[in-house]
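Asks: coordinates for the following, if possible.
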Amino acid sequence: MSWHSLASPLLLALACGVADAAPAATCQRSSPPHTVALVELFTSEGCSSCPPADRWLSTLAARYGPEQVVPLSLHVDYWDYIGWQDRFAQAQFSERQRQLGQRSASPVVYTPEVFVGMRELRGWHDAASFEQRLRQINRQPARADIRLAMKGGEAGALAVDAQFRAPAAEDGRNSLQGVLVLYEDRLESSVRRGENRGATLRHDHVVRYWSPPFPLRADGTLQTVRRTLELDAEWNTTKLGLAAFVHDSRTGEVLQAISLPVCVATVR
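Replies: Residues are numbered from 1 along each chain as shown. Got it, this is the predicted structure:
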């Protein structure tokens, strides 16, 4: 399967394959030897119970650090009808929530809802419950390795070099996939209608772009994916970050996750 067949208007394939050496980059980070927890918050500006969850997610990066957690905020669109259209909402995030819900004990989707390692955590607001889940994940040896590097390309674009090494499939079936994510911090909205009317909402780790999942090699060899991400003029390039994770499409397990703030010098 060609990487070019996975491209979208936002994601333009440059090259792929096994790399002898990664290209020079201003910013780079490699995943640690243990598993980093992927935390996904499904939220909406049209939901009155969501702001506390948004604030909670904003604290995670400072409290735990990038070698423990990758927090992401995915705004869903199914509350837009009640009077306020969430400008960060995407239909694909609503669909992802439904897909994750099908793997959980209760397939009913709601906001705010938190998944840690693609497993629902209803007790996310309880510090002890969240930290217990986080420790369970962090103490697991990493089952995949990820390296992210980026550099500025043409104006309004970001050149990304992502390397993945996943374990070889014992049965030869390729069920492991990689995903690239671009997120933005320090966003603010003044809500004029709906359940949060009159409130000023602040968000971090808001997902701006989520790549289609791409298959990883079943033979366990190093795989390099190079992409040029086009940046919307509305996005603040100094507040952007890049994330990636590897999951098993059959079991829903997250094998590894990583995040990296965009270096200001890389984007013109």
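
Asks: dump the residue contacts of the nearest residue to Val262 once chain neighbours are set aside.
Replies: Spatially, and ignoring its direct neighbours in sequence, Val262 is nearest to Leu240 (4.2 Å; C-beta to C-beta, 6 or more residues apart in numbering). No exception for glycine: its C-beta is placed from N, CA and C like everyone else's. By C-beta atoms under 8 Å, 6 or more residues apart in numbering, the contact set of Leu240 is Leu158, Leu182, Tyr183, Glu184, Asp185, Arg208, Leu231, Pro261, Val262, Val267.

Asks: which residues are contacting stretch 104-117?
Replies: By C-beta under 8 Å, 6+ apart, stretch 104-117 touches 37-44, 47, 49-50, 52-54, 76, 78-79, 94, 97-98, 100-101, 119-122, 124, 130, 133-134, 137, 253-254.

Asks: quick one on the thing from earlier: and the residue nearest to Val262, how far from Trp210?
Replies: Computed with C-beta to C-beta, to the nearest Å, the distance linking Leu240 and Trp210 is 14 Å.

Asks: could you do Gly220 as well?
Replies: 26 Å.

Asks: which one of those two is surrounded by more residues?
Replies: A side-by-side neighbour count of Gly220 and Trp210, using other C-beta atoms under 10 Å, places Trp210 first with 20 against 14.

Asks: bridging residues for the closest residue to that one other than its chain neighbours?
Replies: Excluding the flanking residues, the one nearest Trp210 by C-beta to C-beta, 6+ apart is Val181, at 5.5 Å. Taking DSSP bridges as the rule, Val181 bridges to Trp210, Ala243.

Asks: now for Val181: which residues touch it?
Replies: Applying C-beta under 8 Å, 6+ apart, the residues near Val181 are Leu72, Val207, Tyr209, Trp210, Ser211, Leu242, Ala243, Ala244, Phe245.

Asks: same question for Gly46.
Replies: Trp79, Asp80, Ile82, Gly83, Trp84, Gln85, Asp86, Gly194, Glu195, Asn196.

Asks: now distance to Glu67, neighbour count and secondary structure too, for those, in a markdown table please.
Replies: Converted to a markdown table, those look like this (distance: C-beta to C-beta, whole Å; neighbours: other C-beta atoms under 10 Å; DSSP: H, G, I helix; E, B strand; the rest coil):
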| residue | distance to Glu67 | neighbour count | secondary structure |
| --- | --- | --- | --- |
| Trp79 | 34 | 23 | coil |
| Asp80 | 36 | 17 | helix |
| Ile82 | 39 | 14 | helix |
| Gly83 | 41 | 14 | coil |
| Trp84 | 37 | 20 | coil |
| Gln85 | 37 | 14 | coil |
| Asp86 | 31 | 23 | coil |
| Gly194 | 38 | 20 | coil |
| Glu195 | 37 | 17 | coil |
| Asn196 | 34 | 23 | coil |
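
Asks: with those in mind, which one is nearest to Arg143?
Replies: Asp86 (35.0 Å; C-beta to C-beta).

Asks: distance of that closest one relative to Arg202?
Replies: Relative to Arg202, and taking C-beta to C-beta, Asp86 is found at 14 Å.

Asks: got it, and Leu242?
Replies: In terms of C-beta to C-beta, Leu242 sits 21 Å off from Arg202.

Asks: now do the helices in the stretch 51-200 of the chain.
Replies: For the stretch 51-200 of the chain, applying DSSP state H, counting those that start in this stretch gives helices covering 51-64, 91-103, 127-138.

Asks: which of the residues in the longest one are buried?
Replies: This means helix 51-64. By neighbour count on 16 or more other C-beta atoms under 10 Å, the buried set for helix 51-64 is Pro51, Ala53, Asp54, Trp56, Leu57, Ser58, Leu60, Ala61, Tyr64.

Asks: now swap in stretch 35-49 and tell me
Replies: 35-47.

Asks: end-to-end on that stretch?
Replies: 31 Å (C-alpha to C-alpha, to the nearest Å).
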